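> Just need the structure, nothing else, for what follows:
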Amino acid sequence: MYILFQEIIRTGLIVIGGLCLMAFAEPLFSIVAPTKGRLERIPFLWRYILLFIASHIFYNFIDKMIEDVVQLAAYVFIQFIYFFGTIVFVPFYYSLVSRRLKDFSVPAWCALLWIYFLIFGHRYAVVSSDHFVFVLIQTIGTGLLFFIPSITNRNHSERPKSRMF
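Numbers count the residues shown, from 1 in each chain. Next up is the predicted model:
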């Protein structure tokens, strides 16, 4: 139970850290990972696949480094890299999921819940026997984000365009 509580707190810190990073580096993230506008299915799929590959390369690299750890200082340093590397991925996942949710009129703050679940599932599945359940839910959720069709009319997240004349 203590490990579960610890992972809930760590995941919350990672999500908050990622949102703070996105807020402080807003000019950079507005170019690389914009949060405004909608995102249709095919661009979502390609961007999600690229982000999925990049994050798994990073996490596999971290896992290989942890296998070769001999000293405690090296283990702490690897955990530090893991923690801040995950924080860097949060704005990109938030950009993808929030823009896709806006495409079918769901508020963007719901993306925070999904990102929290993704990070928690990845972190907690390492110490839990429920890894398959987390992977299954993540796959179904991402599939729903992809397969739900776009709404053609304007949704609540878009402002009406002003006309000059």
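> Determine the set of other helices and strands touching the helix or strand that contains Pro43.
Assigned by DSSP states H and E, Pro43 falls within helix 41-67. If you count contacts as 3 or more C-beta pairs under 8 Å, 6 or more residues apart in numbering; DSSP states H and E, helix 41-67 packs onto helix 72-103, helix 131-147. Just so you know, the C-beta spots here come from the backbone N, C-alpha and C atoms, and that holds for glycine as well.
> Throw those helices into a markdown table and include mean neighbour count and distance to Cys20, thanks.
Listed next are the helices and strands packed on helix 41-67 as a markdown table, based on neighbours: other C-beta atoms under 10 Å; distance: least, C-beta to C-beta, whole Å:
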| stretch | mean neighbour count | distance to Cys20 |
| --- | --- | --- |
| helix 72-103 | 18 | 9 |
| helix 131-147 | 13 | 24 |
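> between these, which gets the lowest average pLDDT?
Of all the helices and strands packed on helix 41-67, mean pLDDT reaches its minimum on helix 131-147 (a mean of 83).
> Out of the helices and strands packed on helix 41-67, which is closest to Ile115?
helix 72-103 (5.1 Å; C-beta to C-beta).
> so how far is stretch 9-21 from its chain's centroid?
Centre-to-centre, stretch 9-21 and its host chain are 11 Å apart (C-alpha atoms, centre = their mean, to the nearest Å).
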